[in-house]
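Chemist: Fold the following for me, if possible:
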Amino acid sequence: MAQPYGLSNSIATTIACLTTFDNKLPFGGPTSPILSNMICSGLDAELAKLGRDTGSFYTRFADDMVFSTQKSRFAHQIAQLVDEDGVGKIIPGPDLDQIVTKHGFTLNPAKTRLKSRQDRQIVCGVMCNEKLNIRRELRREIRAILNAWQKYGEDKAQEYWVSNYGRPENSSFELSLRGKIEFMRHIRGENDETVWKTVQKFNQLTSGSLISYEPPTDWRAELERSICIVAAESGDIKKADAVARQGSGFVIQDGLIVTNAHVACYADGSSVEKLSVSFRDLAFGALDVELLRSSIDADVAILRIKDQALATSLIEARALDFDFNASTEVGATVTLAGYPNHTDGDTAHVAVGHVTGKSQYLGLELFRISQNVIYGNSGGPVLDDRGKILGIAVCGSGESDAPYTVHNGAIPAKAVRDFLFPPLLDPPLPT
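Modeler: Numbering: from 1, shown residues only. Here you go, the predicted structure:
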């Protein structure tokens, strides 16, 4: 066998005899995935290169190959839409077909599909349009069997499962249901209200072992602990933009705080003389901070609490997580948080809305949201429906530069990813 495995013919033949049936890898065999990866390593390398050359991403699970792209038009080298007797038909592209055939495989035309973002994009039974989810049909099946079990009892639920879903008489609906719920849990993850309710219902009905699942926390209730009021006061009256400012900010890893550069900096990029942050649940008042780094062009700044012991012991645990792949397409659900026009005693402003469009603003590409970004909310986080940060509020109604303002805009987090988390530098060359 070729490198990197380097197995002799006799060893390779012995392994094949032990792990195949009728000259095929058995479906569900514990050795089948490893062997298929070994066999397909050369194929994978060439298809991954084809993906890179066409601006696509290549993935494979067993014999299911998937190419995905952010481009508006799919690469013709991978797949093409052709007219066949007035009906559109998807066929493999010439480059894809040539590589697959070269490695001794044949593409299955019946399983060749091309899906846009408007379609249900299902890969190996998992929906992956904006976030991972199980198919709607599977959710309905789980709900229907649970309802039958709760309403009519175990025996009737077994009959319902066999007759409605074509299952063998001697199979167990409860074991199958448990597996489907565990699959849903694996795909949707922890802290999911739907999974929690489903697990609770199953655990109430089963006489066997319970499915373990922690109750979800309300991330919106926790959100106020992670956002802060940012105050900037000028000590230099000679500066043209010497003003007292108020904005919003939020905690990221290492106890650092993100806000807008126009809140913490002068127009030339230098730090406003006195910077502080306040958290509503901390009784000891404002914390002095310093400007760690900023980008006027990207309108983002990172602040560091001067009392590092306090930042490590108290503030770091409040860090919010980012999702740099979250959708900012029109219609996506988003939550805006911050302290607009803050006065003492105000609670945080948390508003749910959706993405309404995209705009250019002073050289920045922003996504617009339906919530009002009122003065003082600048620097506050914009989160997806799982509580992950996907943007930073930057402009809205009430700003001093209103004629130039795109109302209710946010900077996509992925646009400032390298600024927020600089990539590791290469080590210096030896001298």
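Chemist: Name the SS class of Phe284, please.
Modeler: At Phe284, secondary structure determined by DSSP: H, G, I helix; E, B strand; the rest coil is coil.
Chemist: Return the distance of it relative to Phe183.
Modeler: Remark: distance between Phe284 and Phe183 (Cβ to Cβ, to the nearest Å) = 48 Å. To be clear about C-beta, it is placed using only N, CA and C from the backbone, and glycine gets the same treatment.
Chemist: out of those two, which sits in the busier spot?
Modeler: Using other Cβ atoms under 10 Å, the more surrounded residue of Phe284 and Phe183 is Phe183, with 15 against 8.
Chemist: pretty sure the more buried one is in contact with Ile134, am I right?
Modeler: Yes: using Cβ atoms under 8 Å, Phe183 is in contact with Ile134, at 6.9 Å.
Chemist: Arg417: which element?
Modeler: Using DSSP states H and E, Arg417 sits within helix 417-420.
Chemist: starting at the chain centroid, how far to stretch 97-111?
Modeler: 32 Å (Cα atoms, centre = their mean, to the nearest Å).
Chemist: Give me the buried positions along the helix holding Arg417.
Modeler: In terms of neighbour count (16 or more other Cβ atoms under 10 Å), helix 417-420 has its buried residues at 419-420.
Chemist: Show me what it is in contact with.
Modeler: With contact meaning Cβ atoms under 8 Å, 6 or more residues apart in numbering, helix 417-420 is reached by 252, 258, 293, 295, 298, 300, 302, 322, 324, 413.
Chemist: and which of the residues you listed is nearest Arg60?
Modeler: The closest of the contacts of helix 417-420 to Arg60 turns out to be Phe324 (Cβ to Cβ; 23.8 Å).
Chemist: give me the number of residues near the closest one?
Modeler: Quick note: Phe324 (other Cβ under 10 Å) scores 15 neighbours.
Chemist: what does Glu169 give?
Modeler: Around Glu169 there are 7 residues (other Cβ under 10 Å).
Chemist: My read is that it contacts Val162, right?
Modeler: Yes: here Glu169 reaches Val162: they are 6.0 Å apart, a contact under Cβ under 8 Å.
Chemist: all helices for the stretch 201-350 of the chain, in order.
Modeler: 219-226, 261-264, 308-310 (DSSP state H, counting those that start in this stretch).
Chemist: and the ones you listed, which is most packed in?
Modeler: Across the helices of the stretch 201-350 of the chain, averaging neighbours per residue (mean count of other Cβ atoms under 10 Å) puts helix 261-264 on top, at a mean of 25.
Chemist: the domain parsing of the chain - what is it?
Modeler: The record, using automatic domain parsing to delimit domains, assigns the chain the ranges 9-113, 133-205, 219-422.
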